[in-house]
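> Quick one: sequence and predicted model below, then my questions.
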Amino acid sequence: MLDVSQEEITDGPIGRVLLLLAAPLVAQNLVYVANALIDTFWLGRVSEEAVAAVGLSLPIQSLLGATVVVAAVGTQILVAQRVGAD
């Protein structure tokens, strides 16, 4: 399934390639949400303040992650444009 050549990515069917590229991101997000749920479940036994802290950490981590992703994607686009210009 992960055995994809460069020709298949650029000339092959787009659906299969998108699924292959999106699968790790979907898995990462599922693990991320499961982690937050498990933290909330166990910290619910400690106190309300602990649950509030975990509830606040998810949006903060998401904003920080989005910042990194924007920088990474921007860099990838610039590199692809420079390489493709040749």
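Structure's in. What do you need?

> Report the helix or strand with the lowest average pLDDT across this structure.
helix 6-11 (a mean of 68; mean pLDDT, DSSP states H and E).

> helix or strand right after that one?
Sequence-wise, the next helix or strand downstream of helix 6-11 (DSSP states H and E) is helix 14-43.

> pLDDT on that next one, on average?
Average pLDDT, helix 14-43: 87.

> One more: stretch 78-86?
88.

> now it: how far from the chain's centre is it?
Stretch 78-86 sits 24 Å away from the centroid of its parent chain (Cα atoms, centre = their mean, to the nearest Å).

> Return that stretch as CSV; C-alpha atoms alone will do.
Only the C-alpha atoms of stretch 78-86 are listed here, as CSV (Å, rounded to 0.1, in the frame of the first residue of the first chain):
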residue,chain,number,x,y,z
LEU,A,78,8.9,27.7,-1.8
VAL,A,79,11.3,24.8,-2.3
ALA,A,80,9.0,23.1,-4.8
GLN,A,81,8.6,26.3,-6.8
ARG,A,82,12.4,26.8,-6.9
VAL,A,83,13.0,23.2,-7.9
GLY,A,84,10.2,23.2,-10.4
ALA,A,85,11.3,26.4,-12.0
ASP,A,86,14.4,24.6,-13.4
